[in-house]
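Asks: Mind folding the following:
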Amino acid sequence: MISLDNSPNAFSAQHPGSKKAALSILTVPAFDDNYLWLIHNGANAVVVDPGDANAIIAALDLHQLRLTAILLTHHHNDHIGGVPSLLQHYKVPVYGPENDGIAAVTHPLQQDQKLTLSEIGLTLNVLAVPGHTSGHIAYFAPEQHWLFCGDTLFAGGCGRLFEGTPTQMLQSLDRLAALPEDTEVYCAHEYTMSNLRFAREIEPDNQALLTRIAVEQKKRDENIPTIPSQIGLEKQTNPFLRIRETAVIRRLIDAGKISANQSDASNFGALREWKNNYR
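Replies: Sure, this is the predicted structure:
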């Protein structure tokens with residue numbers, strides 16, 4: 001459940017049913033459509049992808065939290081741009097991908113590593129999810145079923161292929177789709193309605209998708225984030241996780257984007273290219 005916080009720019013997702021009931025996630029909007037994530041226990045906090053230092057510092061001050069670590073998913077500036085300023089205020093470790101060229105990373109991470117953040121009582125599994133960038137990683141909290149996936153998986157969509165290949169991105173999305181269906185997806189952008197309009201272009205008869213569009217539009221009308229999503233909902237409504245579905249393949253063929261009997265990766269690449277140019 002997401003509820004409006006005292007701050008005009010922060011939302012708080014509470015998880016009272018978790019074994020670690022003290023843990024909460026603050027959603028800190030930044031720029032035009034970014035979300036920065038503060039995971040905290042009421043005293044200490046870690047931040048995911050702090051592109052804007054000022055927004056994070058304001059949220060920390062408002063909630064009287066002490067920053068204890070920085071987590072990065074990939075090297076784009078809207079995800080790491082605030083790190084130098086944060087490090088001037090807080091001397092904390094910076095965790096991030098081993099192979100994504102981020103100079104500020106003090107603790108490089110790779111697939112299958114486990115990260116324990118003792119200050120807030122959180123354990124994360126590291127997942128390699130290249131495609132958007134060559135070294136992109138995601139963080140999965142197996143106890144809470146939280147996923148922080150940067151720009152790999154979006155609500156209703158996926159990231160552009162700036163550095164990786166369709167094969168890499170498809171494998172990355174398959175890795176995320178294999179997580180428990182109730183996993184909450186904390187991606188980094190409010191692209192949901194744009195993504196769902198494209199999804200409706202691909203599957204106009206998908207009733208789960210049509211229902212989702214109505215639900216998410218109501219949230220946006222009330223200025224409520226559509227994030228987090230859930231893996232199960234993405235598998236029902238996100239065309240990039242549904243690339244092997246007959247209806248999606250048929251739509252691509254009918255639109256002249258692919259021919260029959262192409263590989264899953266080729267079909268995925270055609271779908272992603274269509275989305276790149278969709279208005």
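
Asks: Check the offset of stretch 91-109 from the chain's centre.
Replies: Taking the mean C-alpha point of stretch 91-109 and that of its whole chain, the gap between them comes to 18 Å (CA atoms, centre = their mean, to the nearest Å).

Asks: same question but for stretch 205-222, I mixed them up
Replies: The answer for stretch 205-222 is 19 Å, by CA atoms, centre = their mean.

Asks: show me what contacts M193?
Replies: I213, E216, Q217, R220, T226 (CB atoms under 8 Å, 6 or more residues apart in numbering). C-beta here means a position set from N, CA and C on the backbone, and glycine is covered the same way.

Asks: cool, P50 as well?
Replies: When contacts are counted by CB under 8 Å, 6+ apart, P50 touches L36, I56, I70, H79, I80, G82, V83, L86.

Asks: what do you get for G157?
Replies: For G157, the contact set (CB under 8 Å, 6+ apart) comprises Y191, S194, N195, F198, A199, N238, P239, F240, K275.

Asks: Are any of the residues you listed buried, and if so which?
Replies: With neighbours counted using 16 or more other CB atoms under 10 Å, the contacts of G157 contain these buried positions: Y191, S194, N195, F198, A199, N238, P239, F240, K275.

Asks: ok, so of those residues, who is nearest L179?
Replies: Using CB to CB, N238 comes nearest to L179 of these, at 13.6 Å.

Asks: wouldn't that closest one be in contact with I202 here?
Replies: No - in terms of CB atoms under 8 Å, N238 does not count as a neighbour of I202; the distance is 9.9 Å.

Asks: Determine which residue lies closest to the centroid of the protein.
Replies: Of all residues in the chain, the one closest to the mean position by CA atoms, centre = their mean is C187, 1.8 Å from it.

Asks: Tell me what the closest residue to that residue other than its chain neighbours is bridged to.
Replies: Nearest residue to C187 in three dimensions, chain neighbours excluded: F154, at 5.0 Å (CB to CB, 6 or more residues apart in numbering). Assessed by DSSP bridges, F154 has beta-bridge partners G157.

Asks: partner residues bridging the residue nearest to the centre of the chain?
Replies: When bridges are taken as DSSP bridges, the partners of C187 come out as G150.

Asks: Can you get me a residue count around H136?
Replies: Residues contacting H136 under the criterion other CB atoms under 10 Å number 31.

Asks: cool, Q217 as well?
Replies: Neighbouring residues of Q217 were enumerated by other CB under 10 Å; the total is 14.

Asks: now it, what's its secondary structure?
Replies: When states are read from DSSP: H, G, I helix; E, B strand; the rest coil, the local structure at Q217 comes out as helix.

Asks: How about the secondary structure of the nearest residue to it once chain neighbours are set aside?
Replies: Here the nearest residue to Q217 in space, its sequence neighbours aside, is M193; by CB to CB, 6+ apart that works out to 6.5 Å. In three-state terms, and counting by three-state DSSP, M193 is helix.

Asks: And M193, how close does it get to P84?
Replies: With distances defined as CB to CB, to the nearest Å, the gap from M193 to P84 amounts to 33 Å.

Asks: Ok, L233 next?
Replies: Relative to P84, L233 is positioned 36 Å away (CB to CB).

Asks: Comparing those two, which residue is more hemmed in?
Replies: More neighbours surround L233 than the other of L233 and P84, with 19 against 11 (other CB under 10 Å).

Asks: Doesn't that one lie inside a helix?
Replies: Yes - counting by three-state DSSP, L233 is part of a helix.

Asks: show me what contacts it?
Replies: Taking CB under 8 Å, 6+ apart, we find L233 in contact with A208, R212.

Asks: Swap in 10 Å and give it another go.
Replies: Contacts for L233 were tallied using CB atoms under 10 Å, 6 or more residues apart in numbering; they are A155, G156, E181, D182, V185, A208, L209, R212, V215.

Asks: isn't the second one right next to A208, touching?
Replies: To tie it back to what came earlier, the one meant is G156. No - between G156 and A208 there is no contact under CB atoms under 10 Å: 11.6 Å.
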